[in-house]
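>>> here is my input, please return the structure:
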Amino acid sequence: MRFRNYLFVAALVVLPALGCEDRKAEADTDDTVQPDSTTKETEAGLGDRIVIAGGTLTEIAYAVGASKRVVAVDTSSIYPAQAAQLPKIGFFRKLSAEPIIATKPTAILTTSAAGPAAAIQQLTDAGVAVHTLADTENADGALKRIEEVGKLLGHADSAAALTKALQADLDKVKARAEQVTEPPSVLFIYARGPNVIMVSGQKTGADTMLQLAGVKNAVDGFEGFKPLTAEAVVAAKPDIIVVPTKGVGSLKGWEGVKALPGVAMTPAAKNDRLITVDDLAFLGFGPRMGESLLKFQDDVLGDKKL
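Here you go, the predicted structure:
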């Protein structure tokens, strides 16, 4: 089956994010903690006052049925809606020990992307159990993270059901991607207002999602994220522009997206091939990853216009 070429532009989420957290929009630093490979599951899970720093981890905790034990979350924890209403401890990349300790946590659940390392050490020194999981942005990492969170929280069976459902969706995504003989060209844009506009190159979470969906990243000249320029957008010749929901909102809608440098000159803008994705679902590599990819394939590989 042949599909029409499209170009994809999406807004990266800071983490998240995804308001989406959008997570990898900020440059990674060495000031983060390492995954904990020695943590042992206890009968009580992580206790009854759990603090979570990481939107995807929060989503998993709620999905496996441990929501009543979560007492505070970071600002990237925007899903589900109940989690977003909990007390906030700041952004997971810019944590401070004091507000976390004030919640009297029995444990903290976070990822290796959290920091700064000094804050994590301060929490450990205060006697708080900090459980750190790998921040891996791929399908295998998503499946493993769900299993690990489920085990830590004492909900291994619920986690197993989640991973089974996610794997089934990923299998469907793969089967459809394998049918694509002419991969659509995709340019992924992250936006947080007119002053924070970046495009995704290779080896990013966004790039991984594009590959899984069976589409082509329109940018292949660099790795990571770089500021958007008119020249780069025009040269990419996108057939489709995709921006995460929060990015579109920060630009006051699609008219704001079209007003970005070079965008109006693209085939995507001229043909109204503009698509949004949910920040955390698409970029969080969590339970809704497969569902988000299937919807994305419908939008990008089909003839639907937004």
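>>> how far does the longest strand along the chain sit from its chain's centre?
Longest strand in the chain, counting residues (DSSP state E): strand 185-191. Its chain's average C-alpha position is 14 Å from that of strand 185-191, according to Cα atoms, centre = their mean, to the nearest Å.
>>> same question, stretch 216-236
Worked out by Cα atoms, centre = their mean, stretch 216-236 lies 20 Å from the chain centre.
>>> go on, stretch 291-302?
16 Å.
>>> residues making contact with that stretch?
3, 6, 8, 169-170, 172-173, 176-177, 180, 184, 186, 209, 212-215, 240, 242, 275, 277-278, 281-282, 304, 306 (Cβ atoms under 8 Å, 6 or more residues apart in numbering). Bear in mind the C-beta positions are built from the backbone N, C-alpha and C, glycine included.
>>> neighbours of residue 189, how many?
By the criterion of other Cβ atoms under 10 Å, residue 189 has 28 neighbours.
>>> ok, now the one 5 residues further on?
Applying other Cβ under 10 Å, we find 12 residues neighbouring residue 194.
>>> doesn't it fall inside a strand?
No - secondary structure of residue 194 (DSSP: H, G, I helix; E, B strand; the rest coil): coil, not part of a strand.
>>> so for it, what's the pLDDT?
The model reports residue 194 with a pLDDT of 84.
>>> which ones are touching it?
Contacts of residue 194 (Cβ under 8 Å, 6+ apart): 251, 256, 260.
>>> relative to residue 301, how far out is residue 184?
7 Å (Cβ to Cβ, to the nearest Å).
>>> neighbour count: the two, which is higher?
residue 184 (24 against 21).
>>> residue 211 belongs to a helix, doesn't it?
Yes - with three-state DSSP as the criterion, residue 211 is part of a helix.
>>> the residue lying closest to it once chain neighbours are set aside pairs with what?
Spatial nearest neighbour of residue 211, excluding adjacent residues (Cβ to Cβ, 6 or more residues apart in numbering): residue 217 at 7.6 Å. Beta-bridge pairing for residue 217 (DSSP bridges): residue 186.
>>> residue 217 - how many residues pack around it?
With other Cβ under 10 Å as criterion, residue 217 counts 25.
>>> kindly report the same for residue 91.
By the criterion of other Cβ under 10 Å, residue 91 has 17 neighbours.
>>> which helix or strand contains it?
Using DSSP states H and E, residue 91 sits in no helix or strand.
>>> out of everything not next to it in sequence, what's closest to it?
residue 75 (5.0 Å).
>>> and that neighbour, what does it touch?
Residue 75 neighbours (Cβ under 8 Å, 6+ apart): 88, 90-92.
>>> which strands and helices lie in contact with whichever strand or helix holds residue 281?
In this structure, residue 281 sits in helix 279-283 according to DSSP H and E. Under the contact criterion of 3 or more Cβ pairs under 8 Å, 6 or more residues apart in numbering; DSSP states H and E, helix 279-283 touches helix 55-64, helix 205-213, strand 240-244, helix 245-250, helix 289-301.
>>> again, only this time at 10 Å
helix 55-64, strand 185-191, helix 205-213, strand 240-244, helix 245-250, helix 289-301 (3 or more Cβ pairs under 10 Å, 6 or more residues apart in numbering; DSSP states H and E).
>>> may I have stretch 248-258 as CSV, with CA atoms only?
Presented in CSV, the C-alpha positions along stretch 248-258 are these (Å, rounded to 0.1, in the frame of the first residue of the first chain):
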residue,chain,number,x,y,z
VAL,A,248,-0.3,25.1,19.9
GLY,A,249,-1.9,26.7,22.9
SER,A,250,1.2,28.6,23.7
LEU,A,251,1.2,30.1,20.2
LYS,A,252,-2.5,30.9,20.4
GLY,A,253,-3.7,28.3,17.9
TRP,A,254,-2.8,27.2,14.4
GLU,A,255,-2.6,30.7,13.1
GLY,A,256,0.2,31.3,15.5
VAL,A,257,1.9,28.2,14.3
LYS,A,258,1.6,29.3,10.7
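>>> quick one: contacts of it?
By Cβ atoms under 10 Å, 6 or more residues apart in numbering, the residues outside stretch 248-258 that reach it are 9, 11, 19, 189, 191-197, 241-244, 247, 259-260, 263-264, 266, 268-270, 272, 274, 276-277, 279, 306.
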